[in-house]
Structures are given as structure tokens and as C-alpha cells.
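Q: Sequence and predicted structure below; questions after.
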Amino acid sequence: MDEEVLEEGCYYLSRLGLTPEQLASHFGVPPKRIVELAASYEAKINTGNVAPGDFDRVFWEDVKKEAEGDIKLTFLSEKGFHHAWKSDLEKLDGPALMSIYESSKDFLNADPNQRFLDFPPPKGYDPLALDREIRKAVGIVQMLLENTWVSEGGTETHTAAKP
């Protein structure tokens with residue numbers, strides 16, 4: 001890994017609450033080196049050699065979420081395509097999850113050629129990429145629906161057809 005990227009990662013991830021020991025296990029360097037790298041990046045910020053930005057902060061927040069097992073999902077609602085973290089979808093109620101589930105399932109069951117009747121697909125477009133992303137989201141939303149059902153007092157788990 002590039003030294004500057006490692007410095008930036010150590011700085012932002014330590015600001016997000018990861019300990020030097022946790023970072024050391026992920027980056028494969030001693031904890032003392034993690035502290036030095038974070039301090040070096042902070043010194044660059046203080047001297048103006050590096051400008052901290054929201055883009056960098058958000059990038060490292062996303063890295064942390066993914067490392068903790070959160071997943072960014074692409075799904076469909078009645079308003080179109082959306083991206084959200086699994087942890088954000090977990091906060092939704094049953095009807096909202098069901099709407100996402102049904103819209104996404106309808107998309108998967110539609111004729112894939114229907115999407116390009118009016119306009120040709122872009123060059124290099126993988127027509128199955130979106131299907132794979134939506135299929136992944138449907139499975140996770142289904143699991144969230146089942147968990148919501150049980151937590152809201154449902155007595156038995158109802159499973160929908162597998163995507």
C-alpha cells in the first residue's frame with residue numbers, strides 16, 4: 001500500500017474510533033507505526049500540505065462500514081433506483097421494506113430487453129450487473145422483512161420465494 005494512502009487511512013480511521021491495534025491488524029504494521037502515520041498525516045494537515053476534505057472522510061467511513069460487515073445495496077422503489085447501506089435499511093418499517101422488496105422483485109421478473117426498447121444500452125454496459133445488484137438487495141431486504149415481522153410480534157416467520 002502506498003505510504004500516503006496508509007497515512008491518510010490511519011488518520012481518518014483513528015478519528016473514527018479504531019484503535020492502533022485494530023488498524024495494525026488490518027494494515028499489517030505495528031501499532032506504534034500506525035500512531036506515527038496518523039500523526040504524520042495530521043502534521044501535514046496542520047502545515048497546509050494536505051487539505052482535509054469531506055470526500056476523503058466519507059471514503060474512509062465507507063471503508064470502515066464495509067470492514068464491519070455493512071453492505072451498500074442497490075434497490076428499486078416506486079421512485080427509481082437507490083443506493084443505501086444495509087444498516088440504513090434496517091431502520092425502515094415493514095411496509096417500507098415490503099415496498100422496496102416488491103419493486104425490486106418486479107424489476108427482476110421483467111423482460112431484460114424491455115429496458116432498451118427506446119434507447120440502446122451504453123457501450124461496455126453489462127446488462128446483468130444491475131440484476132446482480134438488485135438480486136443481492138432483494139435477499140437482504142427479505143431477511144430484514146423477516147426480522148421486522150418477528151420483532152413486531154409475528155408468531156411465525158413467513159418466507160417469500162427466493163430471488
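A: Looks like it arrived, so ask away. Just so it is clear, the structure is predicted and the values come from calculations on it, not from any experiment. Residues are numbered from 1 along each chain as shown.
Q: Let me see the ranges of the strands in this structure.
A: With strands called from DSSP state E, the chain shows them at 72-77, 80-85.
Q: So for Glu133, which of those sits nearest?
A: strand 72-77 (4.0 Å; CB to CB). Every C-beta, even on glycine, is put in place using the N, C-alpha and C of the backbone.
Q: I'd like the average pLDDT over the closest one.
A: The average of the pLDDT scores along strand 72-77 is 87.
Q: which helices and strands does it pack with?
A: Judged by 3 or more CB pairs under 8 Å, 6 or more residues apart in numbering; DSSP states H and E, strand 72-77 is in contact with helix 54-67, strand 80-85, helix 86-89, helix 94-109, helix 129-151.
Q: before we move on, the earlier item: out of the strands of the chain, which comes closest to Leu16?
A: Of all the strands of the chain, strand 80-85 comes closest under CB to CB, at 14.9 Å.
Q: what angle sits between that closest one and helix 54-67?
A: 70 degrees (axes from the mean of the first three to the mean of the last three CA atoms, to 10 degrees).
Q: Fine by me, thanks again.
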